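In: For reference, the sequence and a predicted model appear below.
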Amino acid sequence: MKYVCQICGYIYDEDKEAVPFEQLPDDWKCPLCGAMKSDFKAEAPAVEKAYVPTHTETADLKKLSAGQLAAVCSNLARGCEKQYKAEESKLFNELANYFTAITPAVNDATVEKVAKLLQEDIEDYPHIRDVADNGKDRGAARVCVWGEKVTRMLSSLVNRYLEEGEQMLADTDIWVCTVCGFVYIGQEPPELCPVCKVPPYKFEKIERGA
Amino acid sequence: MELKAVRNLRLCTKDCLCLYVCPYGATDTEDSIIDISKCVGCGICAQACPSGAISMVPTEYPPQQNKRDDVISVLNHLAQSKSDGEVTARQIAASTDKTGLKRLMTAVAKSQRLMEEDIEREGGFMLPQSGNTHELLMELIENPPTSDFPKDAAEKIMELVPNNEENY
Ligand code: SF4
Ligand code: SF4
Ligand SMILES: [Zn+2]
């Protein structure tokens, strides 16, 4: 039997390993991305599935929220940076910071809420992927492939924190891939981002007391 | 397609081979930024640079890919959820005394923002030069969300970045 990491795709092949998967200790981690044992699933045979639209989807041309506009602008700032347009990039970041500042606060800011939102996103991805595939939009499909993995990792870490509390992070650093957003717990960043495959220097360390 | 040379100052090792090869003296400047008013886009400097520090970038970009309404609609919904997650995590990070939680929520907020940026890029805001971007900036200038909206920044962008879909 083969077990597949739902985050990075690492395969634990029982035929090649000494220990059957079920007998691995509970604190065993994915050797590639550090995901928990519970993030692995037994490999299932692929099933063909047809596209079924769940509701009529029309572009919502209503106004984007302040939170969304913050990301639209910080994304365009990155776009300018890639085009070597430093001044334009700075201006878009100024707009992004403005929208971040006016985004209304939530009144139930709890770790449980963060976990719940992540879980909802995980459940949403397959549908978004269907819509992207149906529209032959491979860019949107890529967003699903990367985003689902990163979201699963976030969800796994937040749930682990809810169980283990502060001791989970006492002696270790937290790293964020600045390209795809993958979060990694460890002394050093991974050799390669398990999601988007960029080298370690693309990882940013979350500083203590920052 | 018209190209101009740009030097990545982080990669440049200043060994100055590019200084010798440019027929127009565009690479020799006091601030290390290649003088695009002199550059004719021949690409000789980019080939000569031992550090891969010079890229030839187009001065104009093609219009971005059209997006289907149903794709935009599902991406918008996801983007809003990412934004809610980002705001929530940032608020927790700002108010907690627990150092581990503070770092974890900071990481979650950053990660959610990065995913959201990627979603917006695929949801119709790929290029700063796009018609979408220009419409958005125009709308914000005409109807600023609050009185302290940085209008000058938006106007300056419209001036610096041409709309590449104007004639489509
Ligand atoms: S040749 Fe390349 S590395 Fe050398 S000075 Fe020019 S840009 Fe910099
Ligand atoms: S592309 Fe040609 S003209 Fe432009 S800076 Fe390089 S060598 Fe000079
Ligand atoms: Zn990555």
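Out: Ah, there it is. Ligands and ions are numbered 1, 2, ... in the order given.
In: Show the backbone phi and psi for residue A:183.
Out: The phi/psi pair for residue A:183 (degrees, to the nearest 10) reads phi -110, psi 130.
In: Residue A:107 too?
Out: phi -100, psi 0.
In: Report the contact partners of the residue most central in space within chain B.
Out: Nearest residue to the geometric centre of chain B (Cα atoms, centre = their mean): residue B:128, 7.0 Å. For residue B:128, the contact set (Cβ atoms under 8 Å, 6 or more residues apart in numbering or on different chains) comprises A:76, A:79, A:80, A:83, A:85, A:88, A:92, B:157, B:161. Quick note: C-beta positions are derived from backbone N, CA and C, even for glycine.
In: And for residue B:5?
Out: Contacts of residue B:5 by Cβ under 8 Å, 6+ apart are B:26, B:27, B:34, B:36, B:39, B:41, B:43, B:45, B:46, B:54, B:55, B:56.
In: let's see 6 Å
Out: Residue B:5 is in contact with B:34, B:39, B:45, B:54, B:56, counting by Cβ atoms under 6 Å, 6 or more residues apart in numbering or on different chains.
In: and ligand 1, which of those residues contact it?
Out: residue B:54 (Cβ under 6 Å from any ligand atom).
In: need the contacts of residue B:5 in JSON lines with secondary structure and neighbour count, can you?
Out: Converted to JSON lines, the contacts of residue B:5 look like this (DSSP: H, G, I helix; E, B strand; the rest coil; neighbours: other Cβ atoms under 10 Å in any protein chain shown):
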{"residue": "B:34", "secondary structure": "coil", "neighbour count": "21"}
{"residue": "B:39", "secondary structure": "coil", "neighbour count": "20"}
{"residue": "B:45", "secondary structure": "helix", "neighbour count": "23"}
{"residue": "B:54", "secondary structure": "strand", "neighbour count": "22"}
{"residue": "B:56", "secondary structure": "strand", "neighbour count": "16"}
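In: Just send the contacts of residue B:5 back as JSON lines, with distance to chain A too.
Out: Shown next, in JSON lines, are these (distance: Cβ to the nearest Cβ, whole Å):
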{"residue": "B:34", "distance to chain A": "10"}
{"residue": "B:39", "distance to chain A": "12"}
{"residue": "B:45", "distance to chain A": "14"}
{"residue": "B:54", "distance to chain A": "11"}
{"residue": "B:56", "distance to chain A": "11"}
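In: Which stretches in the chain count as helices?
Out: All of this refers to chain A. Secondary structure of chain A (DSSP state H): helices located at A:66-82, A:86-102, A:111-134, A:138-164.
In: Chain B is the one I meant
Out: Here chain B has its helices, by DSSP H, at B:17-21, B:44-48, B:69-95, B:99-122, B:131-142, B:151-160.
In: from the ones you listed, which stretch is densest packed?
Out: The highest mean neighbour count among the helices of chain B, using mean count of other Cβ atoms under 10 Å in any protein chain shown, belongs to helix B:99-122: a mean of 24.
In: Need the mean per-residue confidence for that helix.
Out: Mean pLDDT, helix B:99-122: 96.
In: which residue is nearest the middle of chain A?
Out: The centroid of chain A falls nearest to residue A:150 when counting by Cα atoms, centre = their mean (1.8 Å).
In: For that one, list the residues it contacts.
Out: Taking Cβ under 6 Å, 6+ apart, we find residue A:150 in contact with A:180, A:181, A:182, A:195.
In: same deal with residue B:34?
Out: Here residue B:34 is in contact with B:5, B:7, B:26, B:27 (Cβ under 6 Å, 6+ apart).
In: Go again with 10 Å.
Out: A:84, B:4, B:5, B:6, B:7, B:18, B:22, B:26, B:27, B:28, B:45, B:54 (Cβ atoms under 10 Å, 6 or more residues apart in numbering or on different chains).
In: So in terms of bridging, what pairs with the last one?
Out: In this case it means residue B:54. For residue B:54, the beta-bridge partners are residue B:7 (DSSP bridges).
In: Look up how far ligand 2 lies from it.
Out: The gap separating residue B:54 from ligand 2 is 7 Å, by Cβ to the nearest ligand atom, to the nearest Å.
In: Residue B:104 against residue A:174, yeah?
Out: Yes. Between residue B:104 and residue A:174 there is a contact at 6.3 Å, judged by Cβ atoms under 10 Å.
In: Where does the prediction get shaky in chain A?
Out: Low-confidence segments of chain A, defined by pLDDT under 70: A:46-62, A:210.
In: Contact residues of it facing ligand 3?
Out: Within chain A, the positions near ligand 3 by Cβ under 5 Å from the ion are A:177, A:179, A:180, A:182, A:193, A:195, A:196.
In: residues near the last one, how many?
Out: If I follow you right, that is residue A:196. Using other Cβ atoms under 10 Å in any protein chain shown, residue A:196 has 18 neighbouring residues.
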